[in-house]
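Q: Task: produce atomic coordinates for the following.
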Amino acid sequence: MGKPTISDLAKAAGVSVTTVSHAFSGRRHVDPETRKRIQTLADQIGYHPSSMARALRSGRTGTIALASSMPFAVAAGPSRLGFLMEIAASAAMSALTRDLALCLIPPHPSAQSYGSAGFDGVILVEPMRDDPLVAHFEQRKTPIVSIGTVPGRPDIPAVDIRSRETAQLLLTHLAEQGCRQIAALIGASSRTSQIESEAAYDEFVASRQWLSPMLRMNEDEGEEIAYRETLRLLHANPAIDGIFAAIDAFASGAVRAARELGRTMPGQLRIVTRYDGLRAKLSQPPLTAVDLYLPTIAEEAVHLLLDRIDGTSRMVTAELPKLIVRQSSEASG
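A: Take a look at the predicted model:
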């Protein structure tokens with residue numbers, strides 16, 4: 001007896017060949033019970049979908065990619081586990097359930113090292129305005145979607161991760177804890193998360209008529225530049241009682257500076273940051289941050305990309321992040 005075919009499986013399941021194909025590809029909705037029955041029967045009769053055959057029929061590789069031009073200094077955390085890797089792990093699992101492979105392209109400031117590898121589509125993580133990765137993949141006619149809207153490119157499907165509201169949440173928390181001189185550490189890149197964080201901060205201090213300092217810093221230097229600049233800032237402005245760090249690496253640098261200067265946290269200084277990753281959790285003291293629900297965002301991005309590959313373009317707004325209050329800012333007593 002020869003190797004079971006997709007027609008054999010369709011006949012055994014009492015469905016069409018098209019339904020079997022969709023059950024394995026995940027590109028069209030199939031009733032969950034029907035999908036489960038098809039997969040169970042496939043195991044019983046020894047049927048395995050041929051990725052090579054699917055690729056030949058569709059002209060697709062069965063591989064999607066995840067890429068970012070964010071530098072390692074901010075994209076990765078302790079042991080290289082950080083913002084980008086949390087997204088990558090969740091996106092890989094989502095792709096796997098759709099019989100797709102996900103290729104992680106390490107953060108790099110340009111597209112020069114990406115060669116000629118072919119992908120069915122690419123998820124870009126927080127691209128900048130005029131990001132070279134956007135130009136690179138568009139030139140290659142590769143479908144792209146974005147986690148975080150792309151500045152100046154409303155035509156690119158994206159998951160809006162609500163950076164402005166995230167900043168407002170953290171700033172309001174600091175004010176509610178009694179802070180009245182809140183400094184901001186913002187990345188100088190033209191990523192929507194930094195643009196919106198800066199706008200939210202400007203609006204926040206203006207509404208209270210506060211004269212508070214904001215530092216725009218080079219993300220390539222990560223924690224080190226934040227450490228140096230926070231030392232300088234606290235020396236020059238001893239009345240600062242709160243720091244909003246739009247990047248968790250900047251928050252780590254600020255904590256180092258505060259400890260070196262003997263500023264107790266949260267007694268004399270409160271520090272909060274945007275991303276609730278390992279830097280926030282392992283910090284001493286642990287940092288107040290927000291849960292961005294990155295696994296859900298990654299799942300949405302995979303959905304968006306599959307729709308984009310199939311010719312559909314849409315935008316998604318993520319769930320409002322949740323404030324995680326820790327020792328770096330919590331009220332005393």
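Q: Now do the helices in the chain.
A: 6-13, 17-25, 32-45, 51-58, 72-75, 83-96, 132-139, 163-176, 192-208, 222-236, 248-260, 278-282, 294-309 (DSSP state H).
Q: now for these, which one comes closest to residue 272?
A: Nearest of the helices of the chain to residue 272, taken as C-beta to C-beta: helix 163-176 at 4.6 Å. Any C-beta I mention is one placed from the backbone N, CA and C, and that applies to glycine too.
Q: Now do the buried residues in that closest one.
A: 163-171, 173-174 (16 or more other C-beta atoms under 10 Å).
Q: and what of stretch 175-193?
A: For stretch 175-193, by 16+ other C-beta under 10 Å, it's 177, 179, 181-187, 189, 191-193.
Q: and of these, the nearest to residue 328?
A: Once C-beta to C-beta is applied, the member of those that ends up nearest residue 328 is residue 177, at 10.3 Å.
Q: Give me the distance between the two termini of stretch 288-299.
A: 25 Å (C-alpha to C-alpha, to the nearest Å).
Q: Any chance you could list what contacts that stretch?
A: Applying C-beta atoms under 8 Å, 6 or more residues apart in numbering, the contact partners of stretch 288-299 are 83, 86-88, 90-91, 94, 147, 159, 161, 166, 169-170, 173, 248, 270-277, 280, 318-319, 321-326, 328-330.
Q: Just the buried residues of it, please?
A: For stretch 288-299, by 16+ other C-beta under 10 Å, it's 288-290, 292-294, 297-299.
Q: what does stretch 250-266 give?
A: 250-258, 263, 265-266.
Q: Specify which member of the residues you listed is nearest to residue 71.
A: Of the buried residues of stretch 250-266, the one sitting nearest to residue 71 (C-beta to C-beta) turns out to be residue 250, at 12.7 Å.
Q: Quick one: residues contacting the closest one.
A: With C-beta under 8 Å, 6+ apart, residue 250 has these contacts: 185, 187, 217, 222-223, 225-226, 273.
Q: By mean pLDDT, flag the weakest helix or strand of the chain.
A: Lowest by mean pLDDT, DSSP states H and E among the helices and strands of the chain is helix 51-58, with a mean of 48.
Q: show me where pLDDT drops low in the stretch 151-300 of the chain?
A: Scanning the stretch 151-300 of the chain for pLDDT under 70 picks out nothing.
Q: Kindly provide the distance from residue 277 to residue 208.
A: 30 Å (C-beta to C-beta, to the nearest Å).
Q: So between those two, which is more surrounded?
A: Per other C-beta atoms under 10 Å, whichever of residue 277 and residue 208 has more neighbours is residue 277, with 23 against 12.
Q: my guess is the more buried one meets residue 249, correct?
A: No - Residue 277 is beyond contact range of residue 249, at 9.8 Å (criterion: C-beta atoms under 8 Å).
Q: what number of residues lie near residue 275?
A: By other C-beta under 10 Å, 27 other residues sit near residue 275.
Q: Over to residue 280?
A: For residue 280, using other C-beta under 10 Å, the count is 25.
Q: pretty sure it is touching residue 286, no?
A: Yes - when contacts are counted by C-beta under 8 Å, residue 280 is listed as touching residue 286 (6.8 Å).
Q: hey, what's in contact with both of the two?
A: By C-beta under 8 Å, 6+ apart, the residues touching both residue 280 and residue 286 are residue 326.
Q: returning to what we had before: the buried residues of stretch 175-193: which two are farthest apart?
A: Using C-beta to C-beta, the pair of the buried residues of stretch 175-193 lying farthest apart is 177 and 189, separated by 28.9 Å.
Q: Skipping its backbone neighbours, what lies nearest residue 307 in space?
A: Closest residue in space to residue 307, ignoring its immediate chain neighbours: residue 314 at 6.4 Å, by C-beta to C-beta, 6 or more residues apart in numbering.
Q: hmm, I was thinking of residue 239
A: residue 181 (4.8 Å).
Q: next one: residue 91
A: residue 298 (4.2 Å).
Q: Ok, residue 38 next?
A: residue 23 (4.5 Å).
Q: for that neighbour, what are its contacts?
A: 30, 34-35, 38-39 are the contacts of residue 23 under C-beta under 8 Å, 6+ apart.
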